[in-house]
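Enquirer: Sharing a model that was predicted from the sequence below.
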Amino acid sequence: MQDFPNLFLIGPMGAGKSTIGRLLAAELSRDFVDSDHEIQDRCGADIPWIFDVEGEAGFREREQQMVDELTQRQGIVLATGGGAVMREVNRRALRDRGTVIYLYTTVEQQLKRTAKDRNRPLLRGNDREEILRTMFAKRDPLYRATADLIVRTDRRGPRSVVNEIVRRVGRLVNPLQCKA
Ligand SMILES: Nc1ncnc2c1ncn2[C@@H]1O[C@H](COP(=O)(O)OP(=O)(O)O)[C@@H](O)[C@H]1O
Ligand SMILES: O=C(O)C1=C[C@@H](OP(=O)(O)O)[C@@H](O)[C@H](O)C1
Ligand SMILES: [Mg+2]
């Protein structure tokens, strides 16, 4: 696994970027970085608080700076936030600096996986399903346009997703699977 490039996880809220990123990094003995956690640590504030104080616009500025900084590291697994792909500059940084993996899931799964978590301010509205469907329509084409690989995470556990990523990235890096 020496030749693995940076691996950048993109996809919607609840796709499993943070969960799978941590497992994948452990599997590959890589550093794991989560853009949202990094922003929270540096601000000493959680995501909802940042949204309350600075608005979504303030959060997106911080996110852009973080994506630019973190994608310049080497040999990492990075979990981005679900909205990172909305800025072209972020999409370019991700594409140029690593292998981008779109963790795809359905809105039904997103609803279940985000039901109890109060840390996602964009899901505060009454009709979470409508919010998620509208976001999916806007963002799915951007995830697809940015990704080198698309991996489904619905109806399967994180461990199975990690195994598929390791296998498919291995093939991208070394198509014939020859020993070095
Ligand atoms: N493949 C999966 N199957 C079932 N539950 C999952 C899966 N991936 C993540 N989860 C759960 O869904 C929730 C959201 O996952 P998270 O990693 O925070 O997603 P993201 O970072 O993409 O928003 C967590 O409770 C996590 O345990
Ligand atoms: O989709 C989005 O716009 C967001 C997704 C969140 O990250 P996760 O995708 O890890 O939940 C977090 O960055 C913020 O609440 C905004
Ligand atoms: Mg996350």
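Expert: Everything's here; your move. Ligands and ions are numbered 1, 2, ... in the order given.
Enquirer: how about the helix or strand of the chain with the lowest mean pLDDT, does it get close to ligand 1?
Expert: Ranked by mean pLDDT, DSSP states H and E, the weakest helix or strand in the chain is helix 158-173, scoring a mean of 94. Yes. Helix 158-173 is in contact with ligand 1 by C-beta under 6 Å from any ligand atom, via P158, V161. Bear in mind the C-beta positions are built from the backbone N, C-alpha and C, glycine included.
Enquirer: Residues in contact with that helix: which ones?
Expert: Under the contact criterion C-beta atoms under 8 Å, 6 or more residues apart in numbering, helix 158-173 has outside partners 1, 3-5, 7, 16, 19-20, 23-24, 27-28, 99, 101, 103, 148-149, 151-153, 177.
Enquirer: Count the residues that sit near the closest residue to R22 other than its chain neighbours.
Expert: Closest residue in space to R22, ignoring its immediate chain neighbours: F32 at 5.2 Å, by C-beta to C-beta, 6 or more residues apart in numbering. For F32, the neighbour count with other C-beta atoms under 10 Å is 18.
Enquirer: Which helix or strand contains F32?
Expert: Assigned by DSSP states H and E, F32 falls within strand 31-34.
Enquirer: just Q72 next, same as before
Expert: Judged by DSSP H and E, Q72 forms part of no helix or strand.
Enquirer: got it, and V77?
Expert: strand 76-79.
Enquirer: Please identify the buried residues of whichever helix or strand comes after that strand?
Expert: The element immediately downstream of strand 76-79 (helix or strand, assigned by DSSP H and E) is helix 88-97. Across helix 88-97, burial judged by 16 or more other C-beta atoms under 10 Å covers N90, R91, A93, L94, R95, R97.
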